[in-house]
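Trainee: here's a sequence, model it:
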Amino acid sequence: MSALHRKIVKSIAGRTGSSDDEEDEVIRQRWQAAMRDIAAGTFKQPVIRVPVILNPNGPVSSAEELQQLAELESVPETVESVVVRENGVKTERPVKISHVGLEEHRRLEERANVIRDTECCIRVMFEGKERYATVIQSLKEGVSLRRDASRGPGSHDRGDGKVGESEDGR
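Mentor: Sure thing, here's the model as predicted:
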C-alpha cells in the first residue's frame with residue numbers, strides 16, 4: 001500500500017472516530033480490494049437506489065404502476081417502511097416504498113411531477129438507513145398509466161395526478 005493510501009485509510013478511520021486496529025484492518029482490506037478491482041478493470045460502481053413512496057391515493061399506487069412509469073424491466077420490490085421525523089424519531093406511520101436506479105428516476109422526473117430529497121422532507125427507513133424519499137405528486141400532461149383492476153370500477157386518472165371517480169361514474 002502506498003503512503004497516500006495509508007493516509008486515506010487513516011483519515012477514514014479517524015472520521016469514524018475509531019482507532020480500533022480491527023476496524024482499521026477492515027478498511028485497509030476494502031481499499032486494497034477496490035484498488036485491485038480498479039487495476040484489473042473489474043471494479044463495479046455501487047448501484048444507487050432511490051426510494052419512491054407508493055401512495056394508495058396518489059398517481060402511482062403500486063409497484064406495477066411504478067414499473068410502467070419508469071419503464072423498468074421487472075416489477076420492483078415493495079417494502080413497508082416508516083416515516084422518520086427531522087429529530088430522527090421513527091413514527092408509527094407506515095408507508096410502502098419501492099426503489100429505482102438513477103436512470104429510472106430520471107425517467108420518472110420526465111413523466112411526473114416529483115418532489116425529491118429535502119424538498120419534501122419525507123424521510124423513510126430504507127436499507128437500514130434514513131433516506132429522503134421521492135414523492136410522485138402528479139403525472140405530467142399526456143402521461144397515463146394502465147390502472148390495476150383492484151382500484152375499482154370507474155377509477156381513473158383525473159388528469160390532476162389523483163385517482164378517483166368522475167361524476168358520471170366513468
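Trainee: CA atoms for contacts and neighbours, from now on please.
Mentor: OK.
Trainee: was I right to think residue 49 contacts residue 101?
Mentor: Yes. With contacts counted by C-alpha atoms under 8 Å, residue 49 reaches residue 101, the gap being 4.8 Å.
Trainee: show me where pLDDT drops low in the chain?
Mentor: Within the chain, the segments meeting pLDDT under 70 span 1-20, 88, 117-121, 147-170.
Trainee: do that again at 90, thanks
Mentor: For the chain, the stretches with pLDDT under 90 are 1-28, 30-31, 33-35, 37-38, 41-50, 55-58, 81-95, 113-135, 137, 141-170.
Trainee: kindly list the longest helix within it.
Mentor: Ranked by residue count under DSSP state H, the longest helix found in the chain is helix 21-40.
Trainee: for residue 37, see how far away residue 29 is.
Mentor: 12 Å (C-alpha to C-alpha, to the nearest Å).
Trainee: direction included, what does the longest strand anywhere in the chain pair up with?
Mentor: The strand that spans the most residues within the chain, counting by DSSP state E, is strand 90-101. Paired neighbours of strand 90-101 in the sheet (DSSP bridges): strand 49-54 (antiparallel), strand 79-84 (antiparallel).
Trainee: how about the last one: buried residues?
Mentor: Same thing as strand 79-84. 81, 82, 83, 84 (16 or more other C-alpha atoms under 10 Å).
Trainee: distance from the chain centre to that strand, please.
Mentor: 12 Å (C-alpha atoms, centre = their mean, to the nearest Å).
Trainee: one more: stretch 131-141?
Mentor: 11 Å.
Trainee: equivalent analysis for stretch 65-84, please.
Mentor: With C-alpha atoms, centre = their mean, you get 9 Å for stretch 65-84.
Trainee: from one end of it to the other, what's the distance?
Mentor: 25 Å.
Trainee: which residues sit against it?
Mentor: Residues outside stretch 65-84 that contact it (C-alpha atoms under 8 Å, 6 or more residues apart in numbering): 60, 63-64, 90-100, 104-105, 107-108, 111, 122-126, 130, 145-147.
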